[in-house]
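> Build me a structure from this.
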Amino acid sequence: MAAENTQVAWIGLGKLGVALCKNLAEKSALSKPITIFDIVETTMKEASQKIAPGKTTSASSIVNAVASADIIFYCLPSDEAVMIVIAEVLKTNVKGKVIVDCSTVHPDTSTKETELVSTEGAQFVACPVFGSPLMAEASQCNMAIAGSTEAVDMVKPYCTGVMAKAVIDFSGQSPSKASLMKIIGNTFVLNAAVLLSEGLVLAEKSGLGAKQLQQFLTALFPGANPFRAYSEAMVSGNYHWREKHKLLGAVKLARKDSSYAQALAAQCDMELKTVGVLQQYVDKLIAEKGLDSEIAAMYGIAREAAGLPFEN
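You can find the predicted model right below:
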């Protein structure tokens, strides 16, 4: 199946999904428009307007989107949403197709998807994404990819240099490996927000200055990375102006991912103590500002704990 002749469908056009889909439509060698679908019609319309004219067509349903597709991508906010969508996908004949999940889910969910898809004669690839929607827009995300070597080789041309900066390759391994990589990897990303929250507060209260510490961090971690993204959101004040700025990530996602990480650790007879600290910040932030508040707003919680106002 030549990459340029492949018919691709994309389901799920949230902030991350639309950024990935836009790059896939505009930067890949695909000659056919991508068939897009989102359960919210206005979201689908807005997505089609963000992507270059002629690069997408809108489907009336998931079944309609999947029917003529060779490769089906989806990017969804939760395991529950993934299972609902895969059930709809499998209502049509998917024999010979490749189904790709770019969502962040528990490894057990990836295993369930693999079993369901393989039973219907299709191949399943897990391809979760490391990075914020802003990073995705610039193709600066990283991806972990796992599944049969044949299926992964069909998907990789759409990853590096198109949707992602780099790929962590688990070719020939269970798709659950990519999801496991994502959950463990996210503990590093989310703990970066905790380190920055406390470090920036200490810099301010000690007289060093938050902006000066940010200069150090930019020099130490150049390029697009969590330290730069979170510190910029914190120092600039974007963390408490979410209605005017794009989210790096909603705290409800941090709660989900950290709980998955702790559950995986418990299965291995260990505890992630740093993730425990993260969860304390997450719980306080949700209690004070709600589930949709910015992950970087943990900085405001750290400020309050040190006797400073939430807003800088």
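> so what's the residue positioned nearest the centre of the chain up against?
Of all residues in the chain, the one closest to the mean position by CA atoms, centre = their mean is residue 129, 4.6 Å from it. By CB atoms under 8 Å, 6 or more residues apart in numbering, the residues touching residue 129 are 16, 20, 75, 102, 104, 136, 141-143, 163-164, 182. All C-beta spots, glycine's among them, are computed from the backbone N, C-alpha and C.
> per-residue pLDDT, it?
Residue 129 carries a pLDDT value of 97.
> Tell me the bridge partners for it.
Counting by DSSP bridges, residue 129 is bridged to residue 143.
> gap between it and residue 239?
22 Å (CB to CB, to the nearest Å).
> what do you get for residue 252?
15 Å.
> When these two are compared, which one has more neighbours?
More crowded of residue 252 and residue 239, by other CB atoms under 10 Å: residue 239, with 28 against 17.
> Doesn't the more buried one belong to a helix?
Yes - assigned with DSSP: H, G, I helix; E, B strand; the rest coil, residue 239 falls within a helix.
> neighbour-wise, which of the contacts of residue 129 leads?
That'd be residue 20 among the contacts of residue 129, by other CB under 10 Å, with 30 neighbours.
> where along this structure do the strands fall?
Counting by DSSP state E, the chain has strands at residues 8-11, 34-37, 56-58, 71-74, 98-101, 123-126, 129-130, 142-147, 166-171.
> before we move on, the earlier item: would you list the contacts of residue 129 in TSV and tack on distance to residue 172 and pLDDT?
Putting the contacts of residue 129 into TSV (distance: CB to CB, whole Å; pLDDT from 0 to 100) gives the following:
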residue	distance to residue 172	pLDDT
16	27	94
20	24	98
75	24	98
102	20	99
104	22	97
136	27	91
141	23	93
142	20	96
143	17	98
163	21	97
164	20	96
182	18	98
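> quick one: which of the residues you listed is nearest residue 273?
Nearest to residue 273 among these: residue 182, at 20.9 Å, using CB to CB.
> measure residue 131 to residue 102 for me?
Counting by CB to CB, the gap from residue 131 to residue 102 is 11 Å.
> likewise residue 145?
Distance from residue 145 to residue 102, by CB to CB: 10 Å.
> Mind listing the shared neighbours of those two?
residue 127.
> tell me the contacts of the residue of the chain positioned farthest from its centre?
Farthest-out residue of the chain from its mean C-alpha position, per CA atoms, centre = their mean: residue 207, at 36.3 Å. Taking CB under 8 Å, 6+ apart, we find residue 207 in contact with no residue.
> what does the one 3 residues further on give?
Under the criterion of CB under 8 Å, 6+ apart, the neighbours of residue 210 are 200, 203-204, 234-235, 312.
> Run through who's touching stretch 106-119.
79, 82-83, 86, 90, 94, 99, 101, 123-124, 126, 147, 174-180, 183, 260, 263-264.
> Of those residues, which belong to helices?
79, 82-83, 86, 176-180, 183, 260, 263-264 (DSSP state H).
> Select only the buried ones of those residues in ChimeraX?
Buried members of those, defined by 16 or more other CB atoms under 10 Å, are picked up in ChimeraX with:
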select :79,82,86,176,177,178,179,180,183,260,264
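> For residue 289, state which of the ones in helices among the contacts of stretch 106-119 is nearest.
residue 260 (22.3 Å).
> Quick one: closest of the strands of the chain to residue 230.
The nearest among these, by CB to CB, is strand 129-130 at 13.9 Å.
> got the domain boundaries for this protein?
For the chain, automatic domain parsing gives the domain ranges 3-174, 182-305.
> worst average pLDDT in those domains?
domain 182-305 (a mean of 93).
> What sits closest to residue 200 if chain neighbours are left out?
Excluding its sequence neighbours, the residue lying closest to residue 200 (CB to CB, 6 or more residues apart in numbering) is residue 210, at 4.7 Å.
> Which pair of the contacts of residue 210 spans the longest distance?
203 and 312 (11.6 Å).
> now residue 26: how far from residue 161?
Taken as CB to CB, the span from residue 26 to residue 161 is 12 Å.
> Could you do residue 305 as well?
From residue 305 to residue 161 the distance is 43 Å (CB to CB).
> try residue 182
Applying CB to CB to residue 182 and residue 161 gives a distance of 21 Å.
> go on, residue 16?
18 Å.
> residue contacts, residue 172?
Counted by CB under 8 Å, 6+ apart, residue 172 has contacts 148-149, 152.
> Filter these down to the buried ones, PyMOL style.
Selection of buried members from the contacts of residue 172 for PyMOL, criterion 16+ other CB under 10 Å:
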select buried, resi 148+152
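> Could you count how many residues lie near the residue nearest to residue 45 when sequence neighbours are not counted?
Sequence neighbours aside, residue 58 is the residue nearest to residue 45 in space, at 7.5 Å (criterion: CB to CB, 6+ apart). Here the number of neighbours of residue 58 (other CB under 10 Å) works out to 16.
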